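A.B. asks: Sequence first, predicted coordinates after that:
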Amino acid sequence: MTTPQLPPHPLTSTVVNPASTLPTDYNAATALLGGALAAGWGERIAVRTAHENWTYARLAAEANRAGNALRALGVEMEQRVALLLYDSPEFAATFYGAIAIGAVPIPLNTQLRPQDYQYMLNDSRARVLIAEADLWQQLAPLRRTLPFLRHIVLVHRGGEAASAEPGTLDLAALLHGARAELDPAPTTRDDAAFWLYSSGSTGFPKGCVHLQHDMHCCAELYAKPILELTADDITFSAAKLFFAYGLGNGLYFPLSVGASAVHFPGRVTPDAAFQVIAEQRPTVFFGVPTLYAAMLAMPSAADHYDTSSLRLCVSAGEALPADIYRRWHERFGVEILDGIGSTEILHIFISNVRGQIVPGSSGRLVPGYDAAIVDEQGQPVPRGEIGNLLIAGDSTCSQYWNKHERTKATILGQWIQTGDKYYQDEQGAYWYCGRSDDMLKVSGQWVSPVEVEAALISYPAVLEAAVVGREDADGLVKPQAFVVLKPGETPSDELADALKQHVKTTLVPHKYPRWIEFVAELPKTATGKIQRYKLREAFAVTQ
Ligand code: 3UK
């Protein structure tokens with residue numbers, strides 16, 4: 001890969017840096033929760049679930065208890081605390097409690113495999129893992145391979161015996177025994193606050209180190225001006241809190257304006273989404289294109305469920321096809337704002353705005369961020385031409401933990417390479433044109449073709465496999481596999497089904513190839529590298 005030259009940083013008057021107005025001594029947890037109490041929001045509801053409501057006062061007290069409990073376990077400033085939790089008030093309390101003592105929470109995706117957790121726990125050297133008791137079950141056999149972990153703290157839901165797990169502690173008991181007042185750690189606005197892991201095309205996930213000021217930037221630049229979020233709002237995010245997208249939607253956005261967040265611990269199926277909307281009456285709903293398409297596919301949803309509380313919807317994770325936008329608007333009378341964000345930049349930096357939506361586009365630059373579209377040499381391309389999208393903005397992570405080369409290849413001074421191909425039209429809207437790597441976004445989540453190919457090849461009948469993206473009837477990208485069988489093996493629909501099942505169980509379900517085509521051979525370079533672009537062209541599939 002050639003490293004592009006830095007484009008000149010366009011220091012326009014629209015560029016504001018919210019972090020520069022923060023005091024040097026700054027702690028994101030005390031700023032947000034202490035700030036909420038100082039603003040007189042103590043009795044407002046911060047987090048709603050089907051079973052309970054937590055006020056801001058309760059959340060602040062529980063976060064302090066969590067911070068004190070972690071300190072009592074020996075956790076010090078800068079040490080990592082991994083969270084393997086469902087969306088819940090406990091997630092909020094432990095996330096902010098860890099930040100308050102200067103420790104660094106790392107929310108982990110609850111849908112991964114044991115070996116993924118093993119990597120992230122050892123890469124981060126987390127001292128404490130706070131986990132759902134049912135999720136810990138699958139990790140417990142790996143306990144001996146996690147040398148940095150000193151304590152495992154479990155959240156028992158649904159009345160399992162809290163003492164059932166030897167060698168673990170119980171979060172409820174720890175919180176119960178801890179003081180509700182806390183001396184916050186003397187962090188600065190540029191200290192690490194939390195990490196989020198982001199997966200790549202090859203190699204291991206990368207820990208994006210986010211700083212104390214980053215959440216403040218996203219709330220000031222995006223949530224307040226673009227979403228026009230106020231204390232009257234109730235947010236509901238289908239994307240979970242462990243995703244960068246969900247963390248803003250369901251935690252620090254609502255809390256930064258005195259609003260409420262609905263936390264739903266389960267899988268957000270189209271049915272569940274409608275039910276939560278009808279029961280909890282959120283005003284802003286955050287989804288991904290696949291979910292909007294699936295909700296639209298439920299024939300009489302608009303008649304069965306009351307969606308009248310919604311004033312705004314948001315889509316991110318992958319491009320929202322114009323057709324889905326239009327059908328949703330027609331059916332439910334609410335706009336969907338499509339915007340592009342990333343784990344590295346923490347939240348959305350290019351977005352549509354209310355009343356000026358350009359369906360099918362990602363919208364315009366969020367004021368406070370800068371964008372440049374450059375060629376392979378790093379030179380800006382003329383307006384209307386496709387190039388690599390670079391973004392400058394103060395919510396960008398400081399580094400990938402322990403991955404110096406990857407950090408240097410991605411973060412170029414003020415600019416970060418998004419890995420996305422974009423063009424900007426004459427009116428200023430940005431249009432997504434695919435990735436510059438072979439990565440796919442499926443249901444808003446990463447799929448590495450290399451990983452799916454490896455899973456296919458691990459099936460006895462398979463000799464070789466290549467995976468590319470292909471659009472389904474809704475214009476949403478799903479994996480398609482081209483498979484070469486071993487001599488003597490015969491293609492069949494049953495074998496195709498077996499291969500799909502095999503990928504679903506070897507990897508996580510959303511990664512399985514929706515179409516399997518058996519071929520005699522794969523196009524390759526002289527050095528044996530699969531030419532995925534030829535497969536995309538030959539079979540008229542798009543990224
Ligand atoms: C793609 C989009 C077209 C694009 C995310 C915070 O998705 C988020 O973070 P990830 O790190 O992925 C980032 C990549 O996903 N992408 C995201 N949104 C769009 N492509 N249109 C979109 N609207 O390739 C980007 O580089 O998982 C993180 C907040 C919002 C988010 N979507």
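C.D. replies: Sure thing, it's come through. Residues are numbered from 1 along each chain as shown.
A.B. asks: When you work out contacts or count neighbours from here on, use the C-alpha atoms and nothing else.
C.D. replies: OK.
A.B. asks: Torsion angles phi and psi at A231?
C.D. replies: Here is the backbone geometry of A231 (degrees, to the nearest 10): phi -60, psi -20.
A.B. asks: Neighbours of it, how many?
C.D. replies: By other CA atoms under 10 Å, 14 other residues sit near A231.
A.B. asks: what sits against the closest residue to the ligand within the stretch 151-300 of the chain?
C.D. replies: Going by CA to the nearest ligand atom, the ligand is nearest to Y245 of the stretch 151-300 of the chain, at 3.5 Å. By CA atoms under 8 Å, 6 or more residues apart in numbering, the residues touching Y245 are A239, A316, G341, S342, T343, L346, H347, I348.
A.B. asks: how about 6 Å then?
C.D. replies: H347 (CA atoms under 6 Å, 6 or more residues apart in numbering).
A.B. asks: Can you check the pLDDT for it?
C.D. replies: You'll see Y245 listed with a pLDDT of 98.
A.B. asks: now swap in the one 4 residues further on and tell me
C.D. replies: Confidence at N249, expressed as pLDDT, is 98.
A.B. asks: ok, now how distant is G355 from the ligand?
C.D. replies: From G355 across to the ligand, the span is 18 Å (CA to the nearest ligand atom, to the nearest Å).
A.B. asks: Strands of the stretch 251-400 of the chain, start to end?
C.D. replies: Secondary structure of the stretch 251-400 of the chain (DSSP state E, counting those that start in this stretch): strands at 260-262, 284-287, 312-315, 336-341, 348-351, 364-365, 370-374, 387-392.
A.B. asks: Tell me where the model's unsure across the protein.
C.D. replies: 1-16, 159-164, 200-203, 301-302, 538-543 (pLDDT under 70).
A.B. asks: what residues does it put near the ligand?
C.D. replies: 198, 244-245, 316-319, 338-343, 346-348, 362, 418-420, 432, 435, 445 (CA under 6 Å from any ligand atom).
A.B. asks: Sort out which of the residues you listed are buried, if you could.
C.D. replies: 198, 244-245, 316-319, 338-343, 346-348, 362, 418-420, 432, 435, 445 (16 or more other CA atoms under 10 Å).
A.B. asks: Show me the domain layout of this structure.
C.D. replies: 18-211, 214-393+431-435, 440-542 (automatic domain parsing).
A.B. asks: ok so, going back, got the CA coordinates for the helix or strand containing the residue of the stretch 151-300 of the chain closest to the ligand in PDB?
C.D. replies: Using DSSP states H and E, Y245 maps to helix 244-247. Output in PDB follows, covering the C-alpha atoms of helix 244-247 (Å, rounded to 0.1, in the frame of the first residue of the first chain):
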ATOM      1  CA  ALA A 244     -19.600   2.800  18.700                       C
ATOM      2  CA  TYR A 245     -22.900   3.600  17.000                       C
ATOM      3  CA  GLY A 246     -25.000   2.200  19.900                       C
ATOM      4  CA  LEU A 247     -22.800   3.700  22.600                       C
END
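A.B. asks: how distant is that helix from the center of its chain?
C.D. replies: Centre-to-centre, helix 244-247 and its host chain are 5 Å apart (CA atoms, centre = their mean, to the nearest Å).
A.B. asks: And for stretch 364-382?
C.D. replies: For stretch 364-382, the distance to the chain centre is 23 Å (CA atoms, centre = their mean).
A.B. asks: Save the domains of the chain as a markdown table, and put in distance to Q414 too.
C.D. replies: Shown next, in a markdown table, are the domains of the chain (distance: least, CA to CA, whole Å):
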| stretch | distance to Q414 |
| --- | --- |
| domain 18-211 | 14 |
| domain 214-393+431-435 | 5 |
| domain 440-542 | 25 |
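A.B. asks: do you know which of these lies nearest Q424?
C.D. replies: Of all those, it is domain 214-393+431-435 that lies closest to Q424, at 5.3 Å by CA to CA.
A.B. asks: That closest one spans what distance, first to last residue?
C.D. replies: 25 Å (CA to CA, to the nearest Å).
A.B. asks: Looking at the strands of the stretch 251-400 of the chain, which one is packed in the most?
C.D. replies: Comparing the strands of the stretch 251-400 of the chain by mean neighbour count (mean count of other CA atoms under 10 Å), strand 260-262 comes out on top with a mean of 29.
A.B. asks: Note down every partner strand of that strand and its orientation.
C.D. replies: Neighbouring strands of strand 260-262 in its sheet, by DSSP bridges, are strand 45-48 (parallel), strand 234-237 (parallel).
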